[in-house]
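S.K.: need a 3D model of the sequence below.
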Amino acid sequence: MGDVVHLGRNQRPPVTTIGEPMLTEHNARLEFDRTDIEDFGDELIEALQAYHPAVSLSPLGRAQADVTFLAHDIPHAADMAVAIASEVAGASLVALEVMSTEDFDRL
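M.R.: Just a heads-up that it's a prediction; the model follows:
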């Protein structure tokens, strides 16, 4: 384990953290090319359980999952969302929406 560093009132954090954006919660709506939500929905929940998925049908009748994860910013969240979608076997990602959890909760 690393050493614990206590910063005094006038001390700055280590250089490696200066200028790096903080990790904050983001949400992504992942839409897949599957319409069989009854069967595929359970597979989505299982594959994405680490991201607290909420599974439903998109307005176009395709399976979608809303997931939550940590990211630095929107570009990082988009990369993360694509990586998360790749964990789902037997389906291709056809649409993606990414936003901060703060904005998602306001919808």
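
S.K.: confirm E20 sits in a strand?
M.R.: No - per DSSP: H, G, I helix; E, B strand; the rest coil, E20 lies outside any strand segment and is coil.

S.K.: what pLDDT does it get?
M.R.: pLDDT for E20: 70.

S.K.: for A28, same thing?
M.R.: You'll see A28 listed with a pLDDT of 98.

S.K.: burial measure for it, as a count.
M.R.: Neighbourhood size, A28 [other Cβ atoms under 10 Å]: 23. To be clear about C-beta, it is placed using only N, CA and C from the backbone, and glycine gets the same treatment.

S.K.: same check on E25?
M.R.: By other Cβ under 10 Å, neighbour count at E25 equals 14.

S.K.: over to A50?
M.R.: Neighbour tally, A50, other Cβ under 10 Å: 11.

S.K.: how about the strands in the chain?
M.R.: For the chain, the strands defined by DSSP state E occupy 24-32, 54-57, 63-71, 93-100.

S.K.: any chance of those strands in JSON lines with distance to S86 as columns?
M.R.: Output for the strands of the chain, formatted as JSON lines (distance: least, Cβ to Cβ, whole Å):
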{"stretch": "strand 24-32", "distance to S86": "10"}
{"stretch": "strand 54-57", "distance to S86": "17"}
{"stretch": "strand 63-71", "distance to S86": "13"}
{"stretch": "strand 93-100", "distance to S86": "8"}
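
S.K.: quick one, which of the ones you listed gets closest to D42.
M.R.: D42 sits nearest to strand 54-57 of all these, at 8.5 Å, using Cβ to Cβ.

S.K.: is it true that I84 touches F69?
M.R.: Yes - applying Cβ atoms under 8 Å, one finds I84 in contact with F69, separated by 6.7 Å.

S.K.: need the residues touching each of those two.
M.R.: Common contacts of I84 and F69, defined by Cβ atoms under 8 Å, 6 or more residues apart in numbering, comprise 28, 51.

S.K.: coming back round to it: A78 is nearest to which of the strands of the chain?
M.R.: strand 93-100 (5.0 Å).
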